[in-house]
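Participant: Turn this into a structure:
(chains A, B, C and D)
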There are 2 protein chains.
Amino acid sequence: MSEKSSKETSGAATRRNGAATIYDIAKLSGFNPSTVSRALTTPGRINAKTEAKIKAAAAELNYQVNPFARALPTGKTKMLALIIADITNPVFFNVVRGAEAKAAEMGYTLVIAESQESGANEAEALRRITPTVDGILLGTSRLRDEEIQELNKQKPVVLINRKVEGVTDVVPSNEKGIVEAVEHLAKLGHKHIAFLSGPRASWMNTDRWSRLMKNAVARGMTIVEIGPNEPTLEAGRLSLDRVRAAGVSAVFAYNDLMAIGLIREASANGFRIPEDLSVVGFDNIFGSDFTTPPVTTIELKLEKSGNEAVGALLRMIDDPEVTPGDIEKPNHEARLLVRGSTSKAKKA
Amino acid sequence: MSEKSSKETSGAATRRNGAATIYDIAKLSGFNPSTVSRALTTPGRINAKTEAKIKAAAAELNYQVNPFARALPTGKTKMLALIIADITNPVFFNVVRGAEAKAAEMGYTLVIAESQESGANEAEALRRITPTVDGILLGTSRLRDEEIQELNKQKPVVLINRKVEGVTDVVPSNEKGIVEAVEHLAKLGHKHIAFLSGPRASWMNTDRWSRLMKNAVARGMTIVEIGPNEPTLEAGRLSLDRVRAAGVSAVFAYNDLMAIGLIREASANGFRIPEDLSVVGFDNIFGSDFTTPPVTTIELKLEKSGNEAVGALLRMIDDPEVTPGDIEKPNHEARLLVRGSTSKAKKA
DNA sequence: AAACTTTTGGCAACCGATTGACAAAATCGT
DNA sequence: ACGATTTTGTCAATCGGTTGCCAAAAGTTT
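Facilitator: Have a look, this model is predicted:
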């Protein structure tokens, strides 16, 4: 019979964690467990020959540190939390990918939690995850500033899509992309535009709206806010009537999801984009170039942000004295991607 | 002074883990730590009044169990690993979401790792993560069957998109959707079709191809395989010439990514879809209805799969005697979503 | 009221690593 | 060759829980 049916050890026992411990290594190599621990974690502390023997024994036993046993005395878990509002929102794909890649590269494991756009879920997720990780990446917006500052006292925090006083962030600036986009529309002759806004409480929404307003006004355009709205396809779809009613020739959507929803609803209703209305989105999400017309959008390099966020977090973990000011700002900015959803303004 | 400015404690010390332990609760409530532990983990084992007092003390101290300290003696970490090939592949969005939701609901935390379509990364990720989790969800395909069986001996494993002898899976059957799709094309008059295949080593690819072949032949159609290919937009794009050369009137793509790539490349080259060529994808990914025409596709309810996968895994964790046969098969099957990329075959 | 059963709570060992303190061994200076 | 110094390895405590075992306390039975 195979190992599987060894009398009393069925099921449970079969899956026993046969994992080798430093005690096994100690026995095999003839040294003390603490010597083994040192050989494995503090190269140089131990005689080279001894170290080699111990490492050989460890390899032979296929030893793997037990992360929990290690975490107990050290408090370090080599895990990072990434909290995002909605995993299925494509905006986060690249953040996740960038963060995951960097984390893996540095030997860290990413724990991802979704808050489903709900503050309660977010708090709950944080409560559950915080004690198990060395640091937290926040890519969501439902918490109040003070709550984030409070969290930052417990564990290092890096913000991905908003800013909070005293907390490190890697948010790329929207400014450059917005300047380009407003200029682009101005050149096309647009005078009256709108901002189809996202969630009222979102830092990113506020930032985009205020910069848009400033830039539009500076170029002598009028601009109105339509919203707030959920940052979803559906909300974009539902906004068509209000956008038409506003009588503008161009609209900025808070994000591509909304822009896509709006464009598709418009097409479905015989309203022509971009001839009748120019649309600009934000984020350059997956699929934003699939639509007809493809979405002109302001791209943020979110994969880079995810990557940098992990880098910043790791610096803070290594050296708790590091302050937000010490973290160098990401050097990439938003930029305009002109595609098909913008064109000359209709003559008024 | 607030707790913040206690002289010598700057930086590092500020972030001290002031977390309360069961010893603090013991002190506060006047009971023994083991009593506290029991009161908190084995309701009923302890006198109700005592239990209430202890719980009150715990609440007062804002106590949170230290998952690592708990994991050490019990071996249970309340964490689940989800390994996927490519986080940015939209196919997985729903898997992730379904899995995350269920895991959170059951008090488990999901650890997500990406193998980037590489066997080496996958092995490495598993090596790192396996010891820290109670079970593993595998949504990827680069491992050999034996490696998966081996893994399954260490920790419970549930497969999401392939099947392996002796290992639990929640793969929904492609059959129904394929039957519907082939019938759909047959009714439209298609006689000669192709399968734009995905990765050679992929179980899912093989399954789709063999079912497609069987069904097409059964209806008197001819079918050829074009591939293998990477399962990407780009590969779909690059296949256009080969698809045209094959002289078929309809093509199944291994997945929507490839179907979308093909459709977009075709449009860009003045080749009309669906008039000149009908295209059917798989998965119904985000964005597959954004294209012109929107993709006719065979949908798998992957969110459900993710959900069920976690459910199955939890059952296996709770009761190690559970065998793959005990896990009830998902009762949802693939189904055809007819959209715009299929139409009558051109007369030969 | 004595004998017996059930509850309840405490003691102490243990999970698998890390680490400060220290003694033994090795190396060095002269 | 002897004391001083450095290197190396061991001991034992510790991280924060869990749990088997046992004695004391409480409750039941006759």
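Participant: who in chain A is up against DNA strand D?
Facilitator: Residues of chain A found near DNA strand D (Cβ under 7 Å from any atom of the strand) are A:31-35, A:38, A:45-51, A:72-73. Heads up, the C-betas are built off the backbone N, CA and C, glycines and all.
Participant: so which two of those are the farthest from each other?
Facilitator: A:K49 and A:L72 (30.6 Å; Cβ to Cβ).
Participant: Counting neighbours, go ahead and name the busier of these two.
Facilitator: A:L72 (15 against 8; other Cβ atoms under 10 Å in any protein chain shown).
Participant: Name the nearest residue to that one, sequence neighbours excluded.
Facilitator: Nearest non-adjacent residue to A:L72, counting by Cβ to Cβ, 6 or more residues apart in numbering or on different chains: B:F68, 5.4 Å away.
Participant: so what's that neighbour up against?
Facilitator: B:F68 sits next to A:67-68, A:71-72, A:77, A:132 when contact means Cβ atoms under 8 Å, 6 or more residues apart in numbering or on different chains.
Participant: Give me the subset of the residues you listed lying in helices.
Facilitator: A:67-68, A:71-72 (DSSP state H).
Participant: Same list (those residues) but as CSV, adding pLDDT and distance to DNA strand C.
Facilitator: Converted to CSV, those look like this (pLDDT from 0 to 100; distance: Cβ to the nearest atom of the strand, whole Å):
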residue, pLDDT, distance to DNA strand C
A:P67, 87, 8
A:F68, 87, 7
A:A71, 88, 8
A:L72, 85, 4
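Participant: so which of those residues comes closest to A:I112?
Facilitator: Nearest to A:I112 among those, counting by Cβ to Cβ, is A:P67 at 17.7 Å.
Participant: Is it correct that that closest one is in contact with A:K76?
Facilitator: No. Using Cβ atoms under 8 Å as the test, A:P67 is too far from A:K76 to be in contact (9.4 Å).
Participant: Pick out whichever of those two has more residues nearby.
Facilitator: Neighbours were counted for A:P67 and for A:K76 using other Cβ under 10 Å; A:P67 has more, 20 against 12.
Participant: now that one, nearest residue through space, not along the chain?
Facilitator: Counting by Cβ to Cβ, 6+ apart, the residue nearest A:P67 is B:T132, at 5.2 Å.
Participant: Could you do A:S249 as well?
Facilitator: A:A345 (4.1 Å).
Participant: from what I can see, the one you found looks like it's in a strand, true?
Facilitator: No. Remark: A:A345 does not belong to a strand; assigned using DSSP: H, G, I helix; E, B strand; the rest coil, it is coil.
Participant: Hmm, it is touching A:G247, no?
Facilitator: No. Using Cβ under 8 Å, A:A345 is not in contact with A:G247; the gap is 12.0 Å.
Participant: So which of those two has more stuff around it?
Facilitator: The residue with more neighbours, out of A:A345 and A:G247, is A:A345; 20 against 10, by other Cβ under 10 Å.
Participant: Quick one: residues contacting the more buried one.
Facilitator: Counted by Cβ under 8 Å, 6+ apart, A:A345 has contacts A:185, A:188-191, A:249-250, A:278.
Participant: Mind doing that once more with 7 Å?
Facilitator: Residues near A:A345 by Cβ atoms under 7 Å, 6 or more residues apart in numbering or on different chains: A:188-191, A:249-250.
Participant: From chain B, how far off is the residue nearest in space to the middle of chain A?
Facilitator: Closest residue to the average C-alpha location of chain A: A:V95 at 3.9 Å, with Cα atoms, centre = their mean. Distance, A:V95 to chain B, using Cβ to the nearest Cβ, to the nearest Å: 10 Å.
Participant: Pull the residues that contact whichever strand or helix holds that residue.
Facilitator: In the assignment (DSSP states H and E), A:V95 maps to helix A:91-105. Under the criterion Cβ under 7 Å, 6+ apart, residues A:80, A:82, A:84, A:109-110, A:112, A:137, A:139, A:160, A:255, A:283, A:285-286, A:302-307, A:309-311, B:87-88, B:114, B:125 lie in contact with helix A:91-105.
Participant: mind running it again at 8 Å?
Facilitator: Outside helix A:91-105, the residues touching it (Cβ under 8 Å, 6+ apart) are A:80, A:82, A:84-87, A:109-110, A:112, A:137, A:139, A:160, A:255-257, A:283, A:285-286, A:301-311, B:87-88, B:90, B:93, B:112-114, B:121, B:124-125.
Participant: Identify those among those residues that sit within helices.
Facilitator: Those of the contacts of helix A:91-105 lying in helices (DSSP H): A:256-257, A:302-311, B:93, B:121, B:124-125.
Participant: Of these, which is the nearest to A:P231?
Facilitator: Closest to A:P231, out of all of the ones in helices among the contacts of helix A:91-105 and judged by Cβ to Cβ, is A:L257, at 6.1 Å.
Participant: Check the gap between the closest one and A:L336 for me.
Facilitator: 18 Å (Cβ to Cβ, to the nearest Å).
Participant: A:K27 too?
Facilitator: 65 Å.
Participant: The two: which has the busier surroundings?
Facilitator: A:L336 (22 against 15).
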